Structure formats: C-alpha cells, structure tokens
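Peer 1: quick check, what structure comes out for this input:
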Amino acid sequence: MSKTQSIDDLMRELKSILDDKKRDKILENRGRKCISKSFLKKAHAASNNAKSEEEIINNLIDSVDMLHKEGNSLYMIFPKCYCHHVKKYKGKIPDYYCNCSKGWIKELFKNALDREVEVEIESTVLRGGKECRFHIII
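Peer 2: Below you'll find the predicted structure:
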C-alpha cells in the first residue's frame with residue numbers, strides 16, 4: 001500500500017468513525033504539534049517585557065508576516081497552503097484537514113499570550129478559497 005493510499009484510508013476512517021467535532025479536534029492537536037521552534041520563539045519574544053495583551057499582539061504582528069489586524073479583528077492570512085504535508089501529498093486532501101492549521105495558530109497564540117484563543121476558519125485554498133483566512137478571537 002502506498003503512503004498516499006494509507007493517508008486516504010486514514011482520513012476516510014476518521015470521517016466514518018468519529019463525529020466532526022472529535023475528528024476536527026484530532027487534526028487541531030496535530031497542528032499544535034507541527035508548529036516550528038522558530039515560530040514558538042517569535043511567540044515568546046512577542047511577550048517579553050510586554051505590558052499588555054495588545055502590546056503582545058502588536059509585537060506578534062510585527063514578527064509574523066501573515067498576521068493582520070483589520071479594524072478590531074485579527075486574522076492569519078496565507079496566500080496559499082503552506083502545510084508541508086499537503087505539499088507532499090499526491091491524493092485529494094479533505095477540507096477538514098485545515099483544522100491542523102487552526103491548531104497551529106492556536107498554539108502560536110497560547111505561547112504568546114499564555115492562554116487559549118478561539119480560531120474560526122473563514123476560507124482555505126483546499127476549500128476553494130483564493131487564500132487561507134483564519135479569524136483569531138482574543
């Protein structure tokens with residue numbers, strides 16, 4: 001069995017035996033483990049000597065190119081899918097796989113703010129969007 005076939009089977013099995021919430025949480029947890037040390041370092045640096053969450057967020061915006069403030073809202077926007085697993089994959093990735101990126105973003109903010117944030121998937125390239133757009137709720 002090829003690696004692609006094995007991943008296809010795993011994704012189908014996840015979908016068939018778990019409800020959406022549990023399946024998405026598993027993928028979210030994978031994303032949390034996938035974040036690189038360099039991004040964790042940026043998260044910790046953003047909070048060093050900061051006097052407020054607003055200052056931490058502004059520091060994070062300065063160091064993470066994909067992080068943007070639009071009015072009072074905060075977004076992580078990727079012009080394409082940067083997931084290295086998706087890049088290597090030869091089959092069709094199910095759209096719920098984007099919950100990994102949701103977990104990645106949550107982990108970045110957990111390390112910066114020392115607390116959990118909510119993240120909503122607004123659009124992703126895998127779901128037919130022109131970009132991957134995640135709303136971060138502080």
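
Peer 1: low-confidence ranges, this protein, go.
Peer 2: Within the chain, the segments meeting pLDDT under 70 span 1-6.

Peer 1: and the most centrally placed residue in it, what are its phi and psi?
Peer 2: Geometric centre of the chain, nearest residue: residue 101, 2.3 Å, by C-alpha atoms, centre = their mean. Phi and psi for residue 101, reported as degrees, to the nearest 10, are phi -60, psi -40.

Peer 1: quick check: phi and psi at the nearest residue in space to it that is not next to it in sequence.
Peer 2: Leaving aside its chain neighbours, residue 101 sits nearest to residue 31 (5.8 Å; criterion: C-beta to C-beta, 6 or more residues apart in numbering). Every C-beta, even on glycine, is put in place using the N, C-alpha and C of the backbone. The phi and psi values for residue 31, taken as degrees, to the nearest 10, are phi -60, psi -40.

Peer 1: spit out the contact partners of residue 31.
Peer 2: By C-beta atoms under 8 Å, 6 or more residues apart in numbering, the contact set of residue 31 is 99-107.

Peer 1: so which of these comes closest to residue 63?
Peer 2: residue 105 (14.5 Å; C-beta to C-beta).

Peer 1: that closest one and residue 96, how far apart?
Peer 2: From residue 105 across to residue 96, the span is 16 Å (C-beta to C-beta, to the nearest Å).

Peer 1: who has more neighbours out of these two?
Peer 2: More crowded of residue 105 and residue 96, by other C-beta atoms under 10 Å: residue 105, with 25 against 17.
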